[in-house]
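[1] How does the following fold in three dimensions:
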Amino acid sequence: MQAILVLAMCTLGSGVRLLKRDLSGYQLAKCNDGTPAAYYHDQDVRPAGDKVMIYLPDGGDCGSVGDCTRRCNADPTLCSGPKESVLEQEGGIWSSNNTENPFADHFKIFIHYCSSDSFAGTNNGSLSTGNLIFHGKHILTAVLKDLVSIFGIERAASVVLAGSGSGARAVGYNCDYVSAALRGVNPTVDVRCLADGPDFVPWWVKTDDEQCGDKDIHKLEAEKKFWGRLDDASCITENKDRLGSASLAHRCGVMSRYWQDIESPLLIVASQLDSVYYESSPCIPGAEDAGHRRYTAAWRRGVVALAESIQARGHNLTSCFIPSCASHTLLAGSLAEVYLTGVKVGEEALVLREVISRWLRDENNQAVDALGKENSQCPSPSPLKAACGNLLGCGTRAGVLRRKSVYYAQSFDRRLSPPTSLFPNTYTRKCSLDPWYGSCRRQTISPAISVGHPVSHGSDHSVAHALGHGEVHTRTAHDEAGRRKRLWQKLYTLQYLKKLFQKYKHAYAREYQGVDDYPRVRANVHPAVVRAKSIPTIIRPKRPRVVVAPRRVITVERPPIVRVADSLPSVPAPDYDYAAADYDYALVDQDYAQDYDYAAYDYAEYYDYADAGCNTGCALAKIIRAAQIKKKKKDETPVGTKTGILAGNVRNDGKLLNSFREFLAESDLEYEDFGSV
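    Purely as a prediction, here's the structure:
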């Protein structure tokens, strides 16, 4: 019984309980069905002024009336506001264990996803949308405003915008938007973005034009119009003048194409084969197709090339974690803890927790598994094959694992190779990540080199391979010499074919024509005939001359106007018989004099009526106006240098929140003591 109790206590301590707060006070924060959106926040508000994590969950999306209708009918919770007042999250990034979770000490926010538009839509309900509302962008804006006004997150030193799946797409669309909004009220805040399972896809891997027909591009354009999607502002500004609407929607709608336009620090977490994006692509053949295996290998190769392009361009603000797995998300779901602490990736064998911790410390790092090496630590429903994995077609001979010598020809299509535009002109690709690229030579893997133990590569990108005796030899590929040798071989082959053609041509002429060569046939030469062209002369009739008579000017004499000087009769001042003491409130009531002491220095600019000859009514109006201006200035809340969409939501006093924090700091309470709300 005690063991069960201890286990239950450990389970409760590994998660977090979040409380619901609806957004009914924000008119545009509506779900697909028009119900108010909501978000869940951490009970412990003390980290709200220090470290904050805003999480956008996965939930998929839809791009047409039919798809969205089926989606909402199948699961109404995806299109409506939440009903639960308490949300409990356990494990992974929600764990309270500081040694396992880099976000354990963060104030956590979970935004309910009910807009089906990756938090990027702005369209109202209409016939074109099936009366569904796509206000994901407005929901995110309302959450930011509410967090600033209620919890004061503008005081935080660090804010992380994280998301998984469709929430990762939302991170890409809104990363710089959230950063600009928070920096408008706090220029020193550090805003970072973590995309778990985004659309980091090789867009060039698709069938030919006859089969695909740019369906992927038109799909994103239709989605953009259907949602009213707002993409990254800097990407739109840079490309709107040189791209059409369809190309622009794709260029700024896929993260693997616009990641360089994101100015905030970004961490991309993705698998080499994201099954969701791969299977949903309209330009990938089905599993029953004979060429399906080639496209799967090309997809993995493309993701590795995209990760290498991040390293090649030296983008210090972007880091990546790309294991050789086949999962959609790594930080969401029941396997989050395994991916966070149990899967080692790259030459440094880093786990995701270490990569996130370094990234939060502003250290740029890339952890990428080499192509052709299945990571045995990736969770999988079926056991993985050893060494070279499921996709690379391994063979065995005398107990030595090796790659098939014809693997490149069978599994890699040159048409699907990564474009050279991914890399700078002076960059040389690494054979350690893609051994089958260009002049990189294929390698043989010994039993000693297993998954999880990366092959060692020298600084000159030499290829390490093992022989049957367990000895490891290195050889440097002489690229230039090999290229010249291949060119000479091609030249010799062409010359031999030319001589062979001449030989059989002469033999044919002797055998069938009785001559030593083909008979020469002279073509009949016809004299050239030059015909003179005659151009008829066109005589056009002359236009009649138009004579315009001169205009007659009529002069009208008007009588002069004599103005009479304005003269107003003077009105003598009324003679009132009163005593000064009767109307001197300062002498009658001292308290009244103190309360309504309109000192000359307060309204000096309004005391010009005496010299200007203003009457009593004019002076009274000016005094009333002065009192109104003073009251307005007193009631105005100064915002200092705060700008942007959140400036009006900043609470400068924060006395209630600060006093509550001090109370929590002085009290030794468990937050579960408050119970369910």
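
[2] residue ranges with poor pLDDT in the stretch 351-500 of the chain?
    Of all residues in the stretch 351-500 of the chain, those with pLDDT under 70 make up the ranges 380-411, 439, 441-485, 488, 492.

[3] doesn't residue 626 fall inside a helix?
    Yes - Residue 626 forms part of a helix when assessed by DSSP: H, G, I helix; E, B strand; the rest coil.

[4] switch to numbering from 273
    Sure thing, new numbering starts at 273, so read that last one as residue 898.

[5] For it, report the pLDDT, please.
    Residue 898 is assigned 72 on the pLDDT scale.

[6] For it, grab the count of nearby residues.
    For residue 898, the count of nearby residues is 17 (other Cβ atoms under 10 Å). The way it works is simple: take the backbone N, C-alpha and C, and place the C-beta from them, glycine included.

[7] any idea how far residue 461 is from it?
    Going from residue 898 to residue 461 by Cβ to Cβ, to the nearest Å gives 40 Å.

[8] The protein: strands as residue ranges?
    For the chain, the strands defined by DSSP state E cover 287-294, 310-314, 323-328, 358-362, 379-383, 430-436, 462-468, 538-541, 590-594, 638-640, 666-669, 672-675, 735-738, 744-747.

[9] can you put these in TSV and add mean neighbour count and distance to residue 558?
    As requested, these are arranged in TSV below (neighbours: other Cβ atoms under 10 Å; distance: least, Cβ to Cβ, whole Å):
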stretch	mean neighbour count	distance to residue 558
strand 287-294	18	40
strand 310-314	24	39
strand 323-328	26	31
strand 358-362	15	37
strand 379-383	24	35
strand 430-436	26	27
strand 462-468	25	28
strand 538-541	26	28
strand 590-594	25	26
strand 638-640	22	29
strand 666-669	12	25
strand 672-675	18	27
strand 735-738	19	36
strand 744-747	11	41
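
[10] would you turn those strands into CSV with distance to residue 565?
    Output for the strands of the chain, formatted as CSV (distance: least, Cβ to Cβ, whole Å):
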stretch, distance to residue 565
strand 287-294, 41
strand 310-314, 44
strand 323-328, 35
strand 358-362, 39
strand 379-383, 40
strand 430-436, 29
strand 462-468, 28
strand 538-541, 26
strand 590-594, 21
strand 638-640, 23
strand 666-669, 14
strand 672-675, 15
strand 735-738, 25
strand 744-747, 30
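
[11] which one of those strands lies closest to residue 304?
    strand 310-314 (13.9 Å; Cβ to Cβ).

[12] partner strands of that closest one, parallel or antiparallel?
    Note on strand 310-314: by DSSP bridges, its sheet partners are strand 287-294 (antiparallel), strand 379-383 (antiparallel).

[13] Include mean pLDDT and distance to residue 448 when you put those into TSV, please.
    Shown next, in TSV, are those (pLDDT from 0 to 100; distance: least, Cβ to Cβ, whole Å):
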stretch	mean pLDDT	distance to residue 448
strand 287-294	92	26
strand 379-383	96	18
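
[14] Rebuild those as TSV, extending it with distance to residue 484.
    Shown next, in TSV, are the strands paired with strand 310-314 (distance: least, Cβ to Cβ, whole Å):
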stretch	distance to residue 484
strand 287-294	43
strand 379-383	35
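
[15] ok so, going back, to residue 693, which of the strands of the chain lies closest?
    Per Cβ to Cβ, nearest to residue 693 of the strands of the chain: strand 590-594, 17.7 Å.

[16] Quick check: can you name the pairing partners of the closest one and their directions?
    Here, using DSSP bridges, strand 590-594 pairs with strand 538-541 (parallel), strand 638-640 (parallel).

[17] Mind putting those strands into CSV with distance to residue 356?
    Listed next are the strands paired with strand 590-594 as CSV, based on distance: least, Cβ to Cβ, whole Å:
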stretch, distance to residue 356
strand 538-541, 28
strand 638-640, 36
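
[18] Next, find the distance separating the nearest residue to residue 712 once chain neighbours are set aside from residue 580.
    Nearest residue to residue 712, sequence neighbours excluded (Cβ to Cβ, 6 or more residues apart in numbering): residue 703, at 3.7 Å. Remark: distance between residue 703 and residue 580 (Cβ to Cβ) = 11 Å.

[19] When those two are compared, which one has more neighbours?
    residue 580 (25 against 20).

[20] so who does the closest residue to the more buried one other than its chain neighbours touch?
    Leaving aside its sequence neighbours, residue 580 sits nearest to residue 705 (Cβ to Cβ, 6+ apart; 5.4 Å). Going by Cβ atoms under 8 Å, 6 or more residues apart in numbering, residue 705 touches 576, 579-580, 640, 642-643.

[21] Mind doing that once more with 6 Å?
    576, 580, 642 (Cβ atoms under 6 Å, 6 or more residues apart in numbering).

[22] Narrow those to those in helices?
    Among the contacts of residue 705, the members falling in helices (DSSP state H) are 576, 580.

[23] what's the closest of the strands paired with strand 590-594 to residue 294?
    Going by Cβ to Cβ, the one of these nearest residue 294 is strand 538-541, 30.6 Å.

[24] Tell me the spacing between the residue nearest to residue 580 and residue 500.
    Distance from residue 705 to residue 500, by Cβ to Cβ: 39 Å.

[25] For residue 301, which residues are in contact?
    Contacts of residue 301 (Cβ under 6 Å, 6+ apart): 295, 309, 410-411, 414.

[26] Out of these, the closest to residue 593 would be?
    For the contacts of residue 301, the nearest to residue 593 is residue 411 (28.3 Å; Cβ to Cβ).

[27] Which residue, other than its chain neighbours, is closest to that closest one?
    Nearest non-adjacent residue to residue 411 (Cβ to Cβ, 6+ apart): residue 309, at 4.5 Å.

[28] Quick one: neighbours of that neighbour, just the number.
    That count, for residue 309 with other Cβ under 10 Å as the rule, works out to 27.

[29] who touches it in this structure?
    Residues in contact with residue 309, defined by Cβ under 6 Å, 6+ apart, are 295, 301, 303, 411.

[30] If anything else comes up later, I'll come back, but that's it for now.
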